[in-house]
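[1] sequence and predicted structure below; questions after.
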Amino acid sequence: MPDRDWWEVLWPAPKVTVQGLGVTSGMTVLDLCCGDGYFTAPLAKIVSGKAYALDLDPLMIEQAKIEVGQQGTSILNWICADARNAARLIAEPLDYVLMANTFHGVPDQSGLVEAVRTMLKPRGLFGIINWHPVPREQTIVLERPRGPKTEMRMSAEQVKTIVEPGGFRLVKIVELPPYHYGAVFERLV
C-alpha cells in the first residue's frame, strides 16, 4: 500500500474524484479492494453509509475502519475476503462498485469482472481507477517514481477488452491527472 502522503498529492479531493466517476447519494456501493480507506470514507459519506468495503488484507481493513471513523461516517459491512467471493458475501444488489488502483494486479481479471457483474443491479456501474500506461520512471510523486511496474499498467482500451465481454459497456473515461484515468462501465441487462 502506498504512503498516505502521496495519495493526497494525487487526489487532494477524493470525494470529488468518486463523484466525477458517477457515485451519487442514494446509491448502495462497494469499495472493492478498499486498502487503507482513502476512497472508502468519502464514498460512504456520499451515500450516507450505504457502503460496503472489502479487502483481502485484514490490516488494510483495520486502517480503513480508522479512516472512516475519523471522517465521521459508517460502513454497512467490512468484508475481509477475496474479491471474487464478494457476491456471496453481500446480500443486496449494488448500484456501484469502485475499484481504485488494483485492477492491474488482479490475477484473474475476467473472474473478477464476473463477480462484479453478479453483485450489480442491471445498469449498475463499475468504476475502475487505473494508472495510465506510461513508464513508471515518468510518474513522479514527491520526487520519486510511483505506482506499479510499467509492464503492469493498462490502457483504458486494454481494460475495456477485459470488462466488456463480461456483460458491460463502457460509459465514460474520466481523466484523473496527472497519471490516472477512471473507466466507468455499465452492467448490461
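    Thanks, I have it. Numbers count the residues shown, from 1 in each chain.
[2] longest helix of this protein, counting residues only.
    For the chain, the helix reaching the highest residue count under DSSP state H is reported as helix 58-70.
[3] would you mark the buried spots in that one?
    Neighbour-count burial for helix 58-70, counted by 16 or more other Cβ atoms under 10 Å, picks out 60-61, 63-65, 67-68. For every residue, glycine as well, the C-beta is placed using N, CA and C.
[4] let's have those in a markdown table, adding pLDDT and distance to H104.
    Shown next, in a markdown table, are the buried residues of helix 58-70 (pLDDT from 0 to 100; distance: Cβ to Cβ, whole Å):
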| residue | pLDDT | distance to H104 |
| --- | --- | --- |
| M60 | 95 | 17 |
| I61 | 97 | 21 |
| Q63 | 95 | 21 |
| A64 | 96 | 20 |
| K65 | 97 | 26 |
| E67 | 94 | 23 |
| V68 | 96 | 25 |
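[5] can you redo the residues you listed as TSV with distance to Q109?
    Below are these laid out as TSV (distance: Cβ to Cβ, whole Å):
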residue	distance to Q109
M60	20
I61	23
Q63	25
A64	23
K65	28
E67	27
V68	28
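[6] from these, pick the one nearest R187.
    A64 (25.3 Å; Cβ to Cβ).
[7] grab the most central residue of this structure for me.
    M99 (1.7 Å; Cα atoms, centre = their mean).
[8] and that one, how far from D5?
    23 Å (Cβ to Cβ, to the nearest Å).
[9] could you do L30 as well?
    From L30 to D5 the distance is 27 Å (Cβ to Cβ).
[10] over to R117?
    Distance, R117 to D5, using Cβ to Cβ: 36 Å.
[11] which one of the two is surrounded by more residues?
    A direct count of neighbours by other Cβ atoms under 10 Å for R117 and D5 places R117 higher, at 20 against 9.
[12] and the closest residue to that one other than its chain neighbours, how many neighbours does it have?
    Distance criterion Cβ to Cβ, 6 or more residues apart in numbering; nearest residue to R117, sequence neighbours excluded, is G167 at 4.8 Å. As a burial measure, G167 scores 18 neighbours (other Cβ under 10 Å).
[13] distance of A13 from K45?
    As judged by Cβ to Cβ, A13 and K45 stand 12 Å apart.
[14] of the two, who's got more company?
    K45 (19 against 11).
[15] residues making contact with stretch 48-61?
    1, 25-37, 40, 43-44, 64, 68, 73-83, 86, 89-90, 94 (Cβ atoms under 8 Å, 6 or more residues apart in numbering).
[16] inside strands: which ones of the residues you listed?
    Judged by DSSP state E, strands contain the following of these: 29-32, 77-80, 94.
[17] ok, of the residues you listed, which come out buried?
    Judged by 16+ other Cβ under 10 Å, buried ones among these: 29-32, 78-79, 94.
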